[in-house]
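Visitor: Would you be able to build a 3D model of this:
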Amino acid sequence: QVQLQESGPGLVKPSQTLSLTCTVSGDSITSSYVFWAWIRQPPGKGLEWIGAIIYSGNTYYSPSLKSRASISRDTSKNQVTLHVSSVIPEDTAVYYCVRVVDRVGVDYWGQGTQVTVSS
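Guide: The predicted structure follows:
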């Protein structure tokens, strides 16, 4: 059974950097044909794709967040990390870590973590 657990601060001040970690169990983050992605859902809005890191270590981002988002991994800890710099109140959302199987789609979700951007 694959499990994903997001962790990080629930409150971030404007202009600071949001940092979240996804700890994966039941699978390796270097497994072939699997991506590890971040998705968020602002209050009252739909899901928004942030970006992903694939098994090779390459990363891909949504054009709207590419300038501020960064995804990395620690293979020794089987963790994927998201950083979003220069946050604004509109970055307030529930952030999800998900597993994406190539040519199949999302098959596992973390429980999500609420992040609020406020002074």
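Visitor: Report the central residue of this protein.
Guide: residue 38 (2.7 Å; Cα atoms, centre = their mean).
Visitor: correct me, but it touches residue 53?
Guide: No - if you go by Cβ atoms under 8 Å, residue 38 and residue 53 don't touch, sitting 9.1 Å apart. All C-beta spots, glycine's among them, are computed from the backbone N, C-alpha and C.
Visitor: Find the residues that touch each one of those two.
Guide: 71, 80 (Cβ atoms under 8 Å, 6 or more residues apart in numbering).
Visitor: picking that back up, tell me the buried residues in the stretch of helix or strand the residue nearest to the centre of the chain belongs to?
Guide: Here residue 38 sits within strand 34-41, counting by DSSP states H and E. Across strand 34-41, burial judged by 16 or more other Cβ atoms under 10 Å covers 34-40.
Visitor: For my notes, confirm residue 98 occurs in a strand.
Guide: Yes - counting by DSSP: H, G, I helix; E, B strand; the rest coil, residue 98 is part of a strand.
Visitor: quick one: contacts for residue 11?
Guide: By Cβ under 8 Å, 6+ apart, residue 11 lies in contact with 115-118.
Visitor: Swap in 7 Å and give it another go.
Guide: 116, 118 (Cβ atoms under 7 Å, 6 or more residues apart in numbering).
Visitor: cool, the one 5 residues further on as well?
Guide: Contact criterion Cβ under 7 Å, 6+ apart gives residue 87 as the residues in contact with residue 16.
Visitor: how close does it sit to residue 111?
Guide: 24 Å (Cβ to Cβ, to the nearest Å).
Visitor: what's the answer for residue 8, then?
Guide: For residue 8 relative to residue 111 (Cβ to Cβ), the value is 13 Å.
Visitor: same thing with residue 65?
Guide: 22 Å.
Visitor: So the two - more neighbours on which side?
Guide: Taking neighbours as other Cβ atoms under 10 Å, residue 65 and residue 111 compare with residue 65 leading, 17 against 11.
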